[in-house]
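> Show me how the following folds:
(one chain, ligands or ions: 1)
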Amino acid sequence: MFTKGVTPSETPYDGSEFRILILHTRWNLPVVEALVTGARETLLSEFNVKMENISIKDVPGSYELPFAAQEFIKYSDPKFNAVICIGVLIKGSTMHFEYIAEATAHGIMRVGLDTRTPCVFGVLTCLTDEQALERAGLGESPSKHNHGIDWARCAVELAVRGQQ
Ligand SMILES: O=c1[nH]c(NC[C@H](O)[C@H](O)[C@H](O)CO)c([N+](=O)[O-])c(=O)[nH]1
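Okay, the predicted model is just below:
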């Protein structure tokens, strides 16, 4: 079995001057909180991002992530170098899940492209509670991996690339 998640770049990226926004939802909060912690701890430990330069803000649900990311990017001063959008969508018995997942994914991508501020898609789209727990490092299986770690790595790498 291969190691889950993104392989860290061989380039040691320095995030010590970066300002990062972690924007998270309040749906499925215990799982979201684990993902936020994974991302925040990775920013601090792997990339030397300063604690005071990590802003953590919340919105009701995943559908609100693109709009909130756009507004924080537009009105923050100094600017954020990257935004990590974190949410957890769990399929219910209706089509609601599909519509939100699709809209949120496209919305977050569009905000990143329009604002030229890297916006990481950190939204789990799960069919079961266990899938969500697994991907936040909370599951029963030994291969549990917190995807928040990957998202932090993406954010810093893209922020560096955006300055090149
Ligand atoms: O972040 C989530 N939002 C969810 N819905 C709320 C949605 O994101 C919006 O907040 C809502 O539609 C109001 O715009 C979810 N479900 O409906 O299942 C979910 O699982 N996760």
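> how much space between residue 147 and residue 88?
Note on residue 147: its distance to residue 88, by Cβ to Cβ, to the nearest Å, is 10 Å. Glycine gets a C-beta too; all of them are placed from N, C-alpha and C.
> got any residues that touch both of these two?
Counting by Cβ atoms under 8 Å, 6 or more residues apart in numbering, the shared contacts of residue 147 and residue 88 are 35, 124, 136.
> would CSV of those residues with distance to residue 18 and neighbour count be doable?
Output for these, formatted as CSV (distance: Cβ to Cβ, whole Å; neighbours: other Cβ atoms under 10 Å):
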residue, distance to residue 18, neighbour count
35, 19, 29
124, 24, 22
136, 24, 27
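> and which of these is nearest to residue 3?
Checking the shared contacts of residue 147 and residue 88 against residue 3 by Cβ to Cβ gives residue 136 as the nearest, at 16.9 Å.
> From residue 122, how far out is the closest one?
Distance from residue 136 to residue 122, by Cβ to Cβ: 11 Å.
> Now for the two: what residues contact both?
35, 147-148.
> Which of the shared contacts of residue 147 and residue 88 fall within helices?
Cross-referencing the shared contacts of residue 147 and residue 88 against helices under DSSP state H gives residue 35.
> JSON lines for the shared contacts of residue 147 and residue 88, including distance to the ligand and pLDDT?
Converted to JSON lines, the shared contacts of residue 147 and residue 88 look like this (distance: Cβ to the nearest ligand atom, whole Å; pLDDT from 0 to 100):
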{"residue": "35", "distance to the ligand": "12", "pLDDT": "98"}
{"residue": "124", "distance to the ligand": "9", "pLDDT": "98"}
{"residue": "136", "distance to the ligand": "13", "pLDDT": "96"}
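> List the buried residues for stretch 48-66?
For stretch 48-66, burial by neighbour count (16 or more other Cβ atoms under 10 Å) applies to 49, 53-54, 59, 62-66.
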